[in-house]
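Chemist: need the 3D shape of this:
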Amino acid sequence: MRHLRVPSAKTAFWVERCKENNWYEIGSGVLPLGDQRGIPLNDSAPLIDDAVWNGFEITEEVGTLRKAQHWTEHLPAELLGKKTIQLPQSYEIQGDVLLIKIPEGIESFENEIAQAMLKQYPNVRIICHDEGVDGEFRIRNLRVLESRDGSTTTQTRVKEHGHIIHVDPARTYFSGRLSHQRKMTHQAILKFREGFDRPLVVFDPYAGVGPSMAYLYTDSELTDYVYVNDMNPDTRELLEMNMEIFEKKRSKKGVYVVETIDARQMKTLKPETKNMADVLLVNLPHEGVHHLPELLPLLSKNRAMLCGWSIIENSQTEEFMNSLQTILVEGGRKIESSSLDTVKGFSATKSMVRYECVLFNEFNR
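Modeler: Alright, predicted model coming up:
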């Protein structure tokens, strides 16, 4: 490979100049050549006698391959040289699907961006532009940009703390960023379980594809019966697939029920679910608290646990907890203990919070 030999002190200048002119051989590193450095050149670089080299020598050297540190290193030099372009700063990988938001104004370069990402991430199969969430179920509106093998399906599987979870970001909701929350919930329910001489009954009426059950249902000492539901009918196939996998990981057989109905109608459509749940999860951050009056009848009449997530104004944590307590009291429940923790920022003024309450029925105290 041809290398431009320059004094060590001038290396940074000539590397930048070669990249700006698309002469630098992407993927190769600069060679140490005594008190000089060898800058790798590609086939489009001028010949040795060209005046652009300022008299510096070009020699043939055995090049060294350097793994690109960032996907942008795979972009064409002419694109990197456009100072006015704002490249995407973040992305999310679910299994072999990479989700990215292409900023407005650079759509004409979206394929180059997708190709660069495929080069950087060999385990990614498909790159999709995320146009935001749509519809009642807040599902991502995805558009395929590039595919390594020509496939266009976004169904994939993710690995989370030793568990395999089947997901499809174009049809169902899933966030890998909430894996820590799922672990925390598992730990909290384990502690709550200490007050029982039997495994627990857990209801997850907004289960999505069931990632919480990867922790809860696979633990045979923690649960023996779970009820998983989601309002989005497209979740059913993946939810059933995941529950079958989780069942096989149990040390002894359990019972699980999969539904796709409006959770607020569960006590009416499925009357057998009334007062069954030792633990109720309410993972519907935008509306969950407003659903609680219809969900509380699912909880056991004895000691029970409520764990939920909501998006609230940063300045209204006290008002939120007061409102939550009012709903619980009106539902015939009293709070034995409660906590409220901030999960993450949602906007400049709002945050997602996690609330956890241990309850008892005021009529069965």
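Chemist: how's this protein carved up into domains?
Modeler: 2-65, 71-154, 173-361 (the TED database).
Chemist: so which of those domains is nearest Glu160?
Modeler: domain 173-361 (5.1 Å; CB to CB). All C-beta atoms are positioned from the backbone trio N, CA, C, and that covers glycine.
Chemist: returning to that earlier point: among the domains of the chain, which is the most enclosed?
Modeler: Highest mean neighbour count among these (mean count of other CB atoms under 10 Å): domain 173-361, with a mean of 18.
Chemist: pLDDT weak spots in the stretch 151-300 of the chain?
Modeler: Across the stretch 151-300 of the chain, nothing is flagged by pLDDT under 70.
Chemist: where do the helices sit along it?
Modeler: Along the stretch 151-300 of the chain, counting by DSSP state H, counting those that start in this stretch, helices occupy 179-193, 213-216, 236-248, 266-269, 288-295.
Chemist: reformat those as TSV; add distance to Pro40.
Modeler: Converted to TSV, the helices of the stretch 151-300 of the chain look like this (distance: least, CB to CB, whole Å):
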stretch	distance to Pro40
helix 179-193	40
helix 213-216	46
helix 236-248	46
helix 266-269	64
helix 288-295	56
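Chemist: thinking again about what came up before, which one of the domains of the chain lies closest to Gly162?
Modeler: Comparing the domains of the chain by CB to CB, domain 173-361 comes nearest, at 8.7 Å.
Chemist: now the closest one: how far from the chain's centre is it?
Modeler: 19 Å (CA atoms, centre = their mean, to the nearest Å).
Chemist: gap between Val152 and Glu336?
Modeler: Small correction: residue 152 is Thr, not Val. Noted for Thr152: a distance of 51 Å to Glu336, by CB to CB, to the nearest Å.
Chemist: one more: Pro199?
Modeler: Taking CB to CB, one finds Pro199 at 21 Å from Glu336.
Chemist: do the same with Phe13
Modeler: Taking CB to CB, one finds Phe13 at 69 Å from Glu336.
Chemist: Gly308 too?
Modeler: Gly308 is 16 Å from Glu336, where distance means CB to CB.
Chemist: cool, Glu131 as well?
Modeler: 45 Å.
Chemist: also Arg138?
Modeler: Counting by CB to CB, the gap from Arg138 to Glu336 is 33 Å.
Chemist: over to Tyr121?
Modeler: Relative to Glu336, and taking CB to CB, Tyr121 is found at 48 Å.
Chemist: then His180?
Modeler: Using CB to CB, which is the criterion applied here, His180 is 25 Å from Glu336.
Chemist: same thing with Ser44?
Modeler: Ser44 is 72 Å from Glu336, by CB to CB.
Chemist: got the contact list for the residue nearest to Lys253 when sequence neighbours are not counted?
Modeler: Nearest residue to Lys253, sequence neighbours excluded (CB to CB, 6 or more residues apart in numbering): Glu247, at 7.6 Å. Residues in contact with Glu247 (CB atoms under 8 Å, 6 or more residues apart in numbering) are 217, 253-254, 256.
Chemist: of these, which belong to strands?
Modeler: If you go by DSSP state E, those have Tyr256 in strands.
Chemist: tell me which two in the contacts of Glu247 are the farthest apart.
Modeler: Tyr217 and Lys253 (11.4 Å).
Chemist: turn the domains of the chain into CSV, including distance to Ile165.
Modeler: Converted to CSV, these look like this (distance: least, CB to CB, whole Å):
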stretch, distance to Ile165
domain 2-65, 34
domain 71-154, 9
domain 173-361, 5
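Chemist: low-confidence ranges, the stretch 1-150 of the chain, go.
Modeler: For the stretch 1-150 of the chain, the ranges with pLDDT under 70 are 65-67, 80-81, 83-84.
Chemist: hey, where'd the strands end up in it?
Modeler: In the stretch 1-150 of the chain, the segments counted as strands under DSSP state E, counting those that start in this stretch are 2-7, 31-33, 36-40, 58-60, 91-94, 97-100, 126-134, 139-147.
Chemist: next, format those strands as JSON lines and append distance to Ala263.
Modeler: Formatted as JSON lines, those follow (distance: least, CB to CB, whole Å):
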{"stretch": "strand 2-7", "distance to Ala263": "65"}
{"stretch": "strand 31-33", "distance to Ala263": "63"}
{"stretch": "strand 36-40", "distance to Ala263": "60"}
{"stretch": "strand 58-60", "distance to Ala263": "70"}
{"stretch": "strand 91-94", "distance to Ala263": "25"}
{"stretch": "strand 97-100", "distance to Ala263": "27"}
{"stretch": "strand 126-134", "distance to Ala263": "20"}
{"stretch": "strand 139-147", "distance to Ala263": "17"}
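Chemist: who wins for proximity to Glu20 among those strands?
Modeler: Closest among the strands of the stretch 1-150 of the chain, using CB to CB: strand 36-40, at 12.7 Å.
Chemist: got the angle for the closest one vs strand 2-7?
Modeler: For strand 36-40 against strand 2-7, the angle by axes from the mean of the first three to the mean of the last three CA atoms, to 10 degrees is 150 degrees.
Chemist: might one say that Arg140 is in contact with Val97?
Modeler: No: using CB atoms under 8 Å, Arg140 is not in contact with Val97; the gap is 10.5 Å.
Chemist: which neighbours do these two share?
Modeler: With CB under 8 Å, 6+ apart, Arg140 and Val97 have common neighbours Pro169.
Chemist: quick one, phi psi at Gly150?
Modeler: Backbone geometry at Gly150, expressed as degrees, to the nearest 10, gives phi 90, psi -10.
Chemist: the residue lying closest to Leu269 once chain neighbours are set aside: what's it in contact with?
Modeler: Nearest residue to Leu269 in three dimensions, chain neighbours excluded: Ile261, at 5.9 Å (CB to CB, 6+ apart). Residues near Ile261 by CB under 8 Å, 6+ apart: 229, 231, 269-270.
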